[in-house]
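Chemist: pasted the sequence and its predicted model underneath.
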Amino acid sequence: MEDPRHDGEKETGRVEAFSDGVIAIAITLLILEIKVPKVAELTAAGLWPKLLGLWPSFLAFVMSFGTILVMWVNHHRIFRLVRTTDYPFLYWNGFLLLTITFLPFPTAVLAEHLACSEATTAAAFYTASMVIIAVAFNGLWRHLRKHPCLLLGSADPEEIEGISKQYRFGPVMYLIAFGLAFVSVAVSIATCLALAIFFAIAGRPTCGQDAKK
């Protein structure tokens, strides 16, 4: 009988389903950190001032939701190229999921302290978490590059090289965002938003790449 590990069939369905579920939970947890103003907390000005006062929470929510969404898209992009897995790959994927599911906590910290005196610490904590996530993505991808037998035989070499070039920027740029937190919280957050947009655009497969799948 032919070893199924050596045919052209993908064997990653179970890993992808598990990963999608974990990421879905992480992205859902973000909204739970936005607290509804209590009736007892309202003043004569009414509800609007309380809602407007939640702007740090809304900003942190949108930023992290968008970031996790881009991570999910890039995770899907990687798995479009993967044929099968090995144990180190599964552990790298697990580590990546751990870092993503942790993100709602630094998001809540940032939302709570963004408008306070501890904004620098909160932004540094948030961006440090992003550095670790970027390192996890790089570890997962580097393992695939070192073990091409895990990739589909039809995987586009240009797309593989493009992902490698793109991911080199992640840890460095998020490390810069971390350093900027001690100079300007606003610039640090803007850098994180810019990086999310960059990875969203750079992670878009072309029509030609889609046609090859």
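Modeler: Sure thing, it's come through.
Chemist: counting contacts, what elements does the longest helix seen in the chain pack onto?
Modeler: Once the chain is assigned using DSSP state H, the helix that runs over the most residues is helix 119-146. The elements that helix 119-146 packs onto, with contact taken as 3 or more C-beta pairs under 8 Å, 6 or more residues apart in numbering; DSSP states H and E, are helix 55-79, helix 87-102, helix 104-113, helix 157-180, helix 185-202. For glycine as for every other residue, the C-beta is placed from the backbone atoms N, C-alpha and C.
Chemist: can you add mean pLDDT and mean neighbour count and give those back as a markdown table?
Modeler: As requested, the helices and strands packed on helix 119-146 are arranged in a markdown table below (pLDDT from 0 to 100; neighbours: other C-beta atoms under 10 Å):
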| stretch | mean pLDDT | mean neighbour count |
| --- | --- | --- |
| helix 55-79 | 93 | 18 |
| helix 87-102 | 96 | 17 |
| helix 104-113 | 95 | 21 |
| helix 157-180 | 90 | 16 |
| helix 185-202 | 91 | 17 |
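Chemist: nearest to Ala119, out of those helices?
Modeler: Closest of the helices and strands packed on helix 119-146 to Ala119 is helix 185-202, at 4.8 Å (criterion: C-beta to C-beta).
Chemist: now do the contacts for Met71.
Modeler: Ile23, Ile100, Ile133, Phe137 (C-beta atoms under 8 Å, 6 or more residues apart in numbering).
Chemist: I misspoke; the intended subject was Glu112.
Modeler: When the contact criterion is C-beta under 8 Å, 6+ apart, the partners of Glu112 are Pro56, Ala122.
Chemist: related to what we said a few turns ago, with distance to Thr43 added, can I get the helices and strands packed on helix 119-146 in CSV?
Modeler: Written out in CSV, the entries for the helices and strands packed on helix 119-146 read as follows (distance: least, C-beta to C-beta, whole Å):
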stretch, distance to Thr43
helix 55-79, 18
helix 87-102, 36
helix 104-113, 21
helix 157-180, 36
helix 185-202, 28
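Chemist: wait, Val109 touches Ala122, no?
Modeler: Yes - with contacts counted by C-beta atoms under 8 Å, Val109 reaches Ala122, the gap being 5.1 Å.
Chemist: rewinding a little: how about the helices and strands packed on helix 119-146, which one is nearest Val36?
Modeler: Across those, Val36 has its closest neighbour in helix 55-79 (10.8 Å, C-beta to C-beta).
Chemist: who's in contact with Ser57?
Modeler: Taking C-beta under 8 Å, 6+ apart, one finds Glu33, Ile34, Lys35, Ala111 in contact with Ser57.
Chemist: among those residues, which pair sits farthest apart?
Modeler: Every pair in these was compared (C-beta to C-beta); the two farthest apart turn out to be Lys35 and Ala111, at 9.6 Å.
Chemist: I am finished for the moment; much appreciated.
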